[in-house]
Every structure is written in C-alpha cells, then in structure tokens.
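In: I'd like to go over a predicted model; first the sequence, then the structure.
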Amino acid sequence: MSIQSAVIGYGYWGRNVARALHNSTEVALHTIYDEDKAAQAKAKEDYEITPYVSYEAILADSKIQAIFIITPPQTHFALAESALKHHKHTFVEKPITTQYTQAQALYALAKKQDKILYCDHIFLHSPAVQYLKEQIKSFGEIVYINARRINLGLFQSNVDVIWDLAIHDLSIIDYLVGLHIKEVSTFKTRYLDYPNDALANINLRLESGIIITLSVSWLSPIKVREMIIGGSKKTAIYDETKKDKIALFDTGVVIKDTFDTNSLYQKMVEYKLGEQLTPTLPNTMALDNSIAYFASLILSDNLKQSQSVESQCDEGHILRVIKAIEIIQDSHTQS
C-alpha cells in the first residue's frame, strides 16, 4: 500500500513535488494545502485531492503518514516541528531550517517520535553526482574544487543568495569529500536597495587541504551550473546545464624531483595529456530518486537503524552544511 502524503505549499517547487508524487508508485498524493487561495484553487484544478480547511486538520488525520513541506525557509521549523509532534514522517525542502540549533532540535524530536525527518538536498540524488561519488577515489588526491552557480534571479525575499544557491554546492562538496572547514573568507553584496545579498564569492580551505572557491549570483545574464573537481590523477567537470553532464579528464601536472637546467630553484613540470571520458548516466530524475529514497526509509523495518545509516541526506550531512553556511555568513566582508 502506498504511503499517504500531503504537500504543504503549492508554489513553483511545490508543483514539481506534487507532480512527482502523483507519478510515484511508493507515495500517494492525498492532498495539497496552501494558504494562498489562488494556489489552493490551482492545486484542486490540477489534481483530485481531498480538501482540508487547515494544516492542523491535515495533521489530525491519521490516514496521512507523510508531510512534504515545500514552503519558504523561515516557515520550515514550525511546520516540521508540528508534523513530527503529530507523528508524521517529514520531508522538508532545503534548507531544513536557517539555524543550526533549530535543525538539531528537529532531529532530536524525530528520534523521540521514531519518525523519519528528511531534508531534500536534491542534487545528491542526481545520477551525475552519484557517478562522481563512485569515481572520486580514482581522482587521486583532490587539490581543488571550483564551482559557479549563477543566473538572473530569482531574487528571494526570505533568504540571501548563499542560502538559495551556495547550499547546493556545499551539499555536493560535503557528500564527495567532507565539508570540514579550516579557513574561510567571503565577499558578498546586495544589489541596489534589495534587502538580501544577491552575489557572493566564497573561499574555503578544508582541513584536508582542499581549496574550495564558490561563486553564486542572482545577477548574471547567463545561467551557469558548473563544478570542476581537480585531483592529482584526474579532473572532472560537472555541468548540470548540459546533456552530457560529466566530462572526466585523464590529465594533470607531474612535478619531478630533478631540477630544470634553467633554474636550480624550480622543479621540472610535466603536463599529462590523457583521454577525455563522457560517461553514460542513468536517465532518472533527481526528485523522483529523492522521493523514492525517502519512501524506502519509511518502509524500512527498523526506522531507528535507517536514520543512523550514513547516507546522502543523513543528519550529519544536513547539520554540517548548515554549520558551514553559518561559518561563511559570519566570515563575510560586506561591500
């Protein structure tokens, strides 16, 4: 029997989640609720759903097993807390909250209630990122990761560009190499009189020595979703906007211990020019994969065990990403 679910919030992403649930074999779309009357009317037009007068009425219905919270970030904590207190498995759009202590409190509550709390860092479920995770050890020692996530808009009224865009790259980086920050510097700025920062450049040095550079912006005339992962043996370029999302290069730089005859103080440098590989990836959607994974946690015979398993979106991962953003925000140089 399918898991009966309710989608809370029917904006741009809520519509995508509802569509995915409608097509899911594991989770059934029982209802959609949005306080905006136009959005609620649109939901009723799009799907045959059971109507409810309030969020509280949905939580009171024992038939509903899972709540999908697809609302502005500042509402996530209160909505998720209520869902868990009413013994509902809870799926939250990123970020789970915008405060580390609130996220800790939600996970503690989920454990107490023996329910799944799941935050959808969606790119971790994409075939491209899964491929990178499988191959990352073959890259040799990772030296740097350079990421750009820029586009024109959409300006957010409730979070800045770091919470909106950089969170995706930080999540991917933590999944691939671990996000343990040693040093950080951040430059960010607002655009004209808009209240939230619209552009940020972030530089990190991880405890492992890996150098991270992130550029995020709502001000770019072009859309870029690119990450370069440079290792001592291989380099990968991951571009979410392209059909072939991964390009893997068997190239690099070799430093020899013998000295160049032209300079006694410089080691000889050789450039390794190898093959380029474009892997064939599964043709699956990250959102579908994420919902299926959430369902698998709910259907597990041992919820406590499933919550303790180190996975794409486990508690440790989510908390590290939120803590990283708090560290980045505290380090910024305002311009």
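Out: Now that the structure is in, tell me what you want to look at. Numbering: from 1, shown residues only.

In: right, and residue 289 touches residue 123 too?
Out: No. Assessed by C-beta atoms under 8 Å, residue 289 is found out of contact with residue 123, at 10.6 Å. Where you see a C-beta, it was placed from the backbone N, CA and C, and this is true even at glycine.

In: residue 276: neighbouring residues, count only.
Out: The local packing of residue 276 (other C-beta atoms under 10 Å) involves 12 other residues.

In: please apply the same query to residue 129.
Out: 24.

In: who are the contact partners of the residue lying closest to residue 231 once chain neighbours are set aside?
Out: Using C-beta to C-beta, 6 or more residues apart in numbering and skipping residues adjacent in sequence, the residue nearest residue 231 is residue 139, 3.0 Å away. Taking C-beta atoms under 8 Å, 6 or more residues apart in numbering as the criterion, residue 139 is in contact with 229, 231-236.

In: ok, which pair from those residues is furthest apart?
Out: 232 and 236 (13.0 Å; C-beta to C-beta).

In: so residue 68 is in which element?
Out: strand 66-69 (DSSP states H and E).

In: that strand pairs with which strands, and in what direction?
Out: strand 3-8 (parallel), strand 89-93 (parallel) (DSSP bridges).

In: follow-up on the earlier one: any figure for the gap between the residue nearest to residue 231 and residue 204?
Out: 18 Å (C-beta to C-beta, to the nearest Å).

In: re earlier: out of residue 232 and residue 236, which sits in the busier spot?
Out: Taking neighbours as other C-beta under 10 Å, residue 232 and residue 236 compare with residue 236 leading, 24 against 14.

In: what sits against the residue nearest to the more buried one when sequence neighbours are not counted?
Out: Using C-beta to C-beta, 6+ apart and skipping the chain neighbours, the partner closest in space to residue 236 is residue 229 (4.6 Å). By C-beta under 8 Å, 6+ apart, the contact list for residue 229 reads 132, 136, 139, 142, 144-145, 176, 235-236, 238.

In: what does residue 278 give?
Out: 244, 246-248.

In: closest to residue 184 out of these?
Out: Distances from residue 184 to those, taken by C-beta to C-beta, are shortest for residue 246, at 28.0 Å.
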